[in-house]
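Engineer: no sequence on this one, just coordinates:
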Ligand code: ADP
């Protein structure tokens with residue numbers, strides 16, 4: 001049995017325009033690293049955190065909470081030490097908390113000889129996510145654990161569908177360094193939606209799923225619209241409309257808010273276009289006083305990866 005494992009735990013984009021609260025995809029070039037090792041002392045201990053200032057207390061760190069949920073079920077005859085090397089800024093909207101919550105349970109499962117399925121791991125990780133966002137949700141966790149595009153068909157019972165990824169699909173992300181509180185991004189949403197908007201949304205979601213299955217980039221382009229959430233949340237992100245115009249003009253298939261923001265994602269066919277889209281995003285934000293980061297990533301079909309075991 002391995003005593004220690006080092007993993008890459010990727011960033012993820014939740015919502016994906018018309019897939020609010022159900023759709024997500026996994027990134028390849030943005031993510032944290034974690035080391036998890038078996039210890040003779042029972043329980044979970046977070047022994048190292050680098051990159052960002054996050055709590056070491058097990059019950060205050062999402063990695064600790066999800067790991068605790070797993071060992072409460074498994075009751076192993078050992079404990080685990082967790083080291084977190086954070087590269088995804090907490091609160092960025094690209095699944096910082098999900099990377100930690102999913103990473104710890106994935107690593108423990110590997111060390112213990114894989115007693116759990118990915119769906120079961122998602123359920124444990126949801127306990128960790130609930131700490132960060134006050135509600136149990138899986139739209140970032142599912143792509144981190146399953147890879148590719150995922151659809152959370154239902155939370156109770158938990159049912160996750162893995163969708164195919166067209167070969168040449170790339171994501172470009174811009175992360176403006178501003179803070180949007182998830183609670184504020186939730187509160188701004190309407191409690192009910194007009195039937196007309198709902199019909200538009202589910203027709204777009206259905207055609208987006210169809211486009212992923214058929215590698216139909218043109219249909220993907222016509223489906224990446226959000227008629228319900230984006231009109232409200234985009235107001236919280238400075239220059240959202242300028243980014244939208246600039247990225248679409250440089251060939252992106254579509255754009256949307258990543259998670260509850262402030263990050264914005266674009267999807268493109270091919271790396272060359274994705275990089276041109278990155279340049280266009282940078283040009284818009286360079287003119288402002290707001291600090292920002294950008295990333296270009298192929299869609300990660302595997303999810304969390306083992307670096308060393
Ligand atoms: P993101 O939108 O990037 O996923 P979230 O808003 O979901 O970020 O989560 C960030 C919140 O979770 C912060 O309040 C942070 O302090 C808390 N948190 C607790 N543990 C972790 C962790 N291991 N990694 C990231 N955030 C964590």
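Structural biologist: Nice, I can see it. All of these numbers come straight from a predicted model, not from anything done at the bench.

Engineer: Please count neighbours and contacts with C-alpha atoms only from this point.
Structural biologist: OK.

Engineer: Grab the nearest non-local neighbour of the residue of the chain positioned farthest from its centre.
Structural biologist: Distance from the C-alpha centroid of the chain, by Cα atoms, centre = their mean, peaks at residue 40 (33.0 Å). Once flanking residues are discounted, residue 40 sits nearest to residue 78: 5.1 Å by Cα to Cα, 6 or more residues apart in numbering.

Engineer: Run a quick check on the one you found versus residue 45, I expect a contact.
Structural biologist: No: Residue 78 is beyond contact range of residue 45, at 11.8 Å (criterion: Cα atoms under 8 Å).

Engineer: do you know how far the residue farthest from the centre of the chain is from residue 175?
Structural biologist: Separation of residue 40 from residue 175 (Cα to Cα, to the nearest Å): 41 Å.

Engineer: go on, residue 76?
Structural biologist: Using Cα to Cα, residue 76 is found at 40 Å from residue 175.

Engineer: Neighbour count: these two, which is higher?
Structural biologist: residue 175 (20 against 13; other Cα atoms under 10 Å).

Engineer: In which helix or strand does that one reside?
Structural biologist: For residue 175, the element it lies in under DSSP states H and E is strand 169-176.

Engineer: Would you mark the buried spots in the longest helix belonging to the chain?
Structural biologist: Scanning the chain for the longest helix, with DSSP state H as the assignment, gives helix 195-214. Using 16 or more other Cα atoms under 10 Å as the test for burial, helix 195-214 gives 200, 201, 204, 205, 207, 208, 209, 210, 211, 212.

Engineer: and this protein, which residues reach the ligand?
Structural biologist: 54, 61-63, 90-98, 100, 132-133 (Cα under 6 Å from any ligand atom).

Engineer: how close does residue 109 sit to residue 70?
Structural biologist: Here residue 109 is placed at a distance of 9 Å from residue 70 (Cα to Cα).

Engineer: So, low pLDDT: which residues of the stretch 1-150 of the chain?
Structural biologist: Residues of the stretch 1-150 of the chain meeting the criterion pLDDT under 70: 1-2.

Engineer: any chance you could map the strands in it?
Structural biologist: Residue ranges of the strands in the stretch 1-150 of the chain, as given by DSSP state E, counting those that start in this stretch, are 4-14, 23-39, 43-50, 79-85, 149-155.

Engineer: most tightly surrounded among these?
Structural biologist: Highest mean neighbour count of the strands of the stretch 1-150 of the chain: strand 4-14, a mean of 27 (counted as mean count of other Cα atoms under 10 Å).

Engineer: what angle separates it from strand 169-176?
Structural biologist: Strand 4-14 and strand 169-176 are oriented at 80 degrees to each other (axes from the mean of the first three to the mean of the last three Cα atoms, to 10 degrees).
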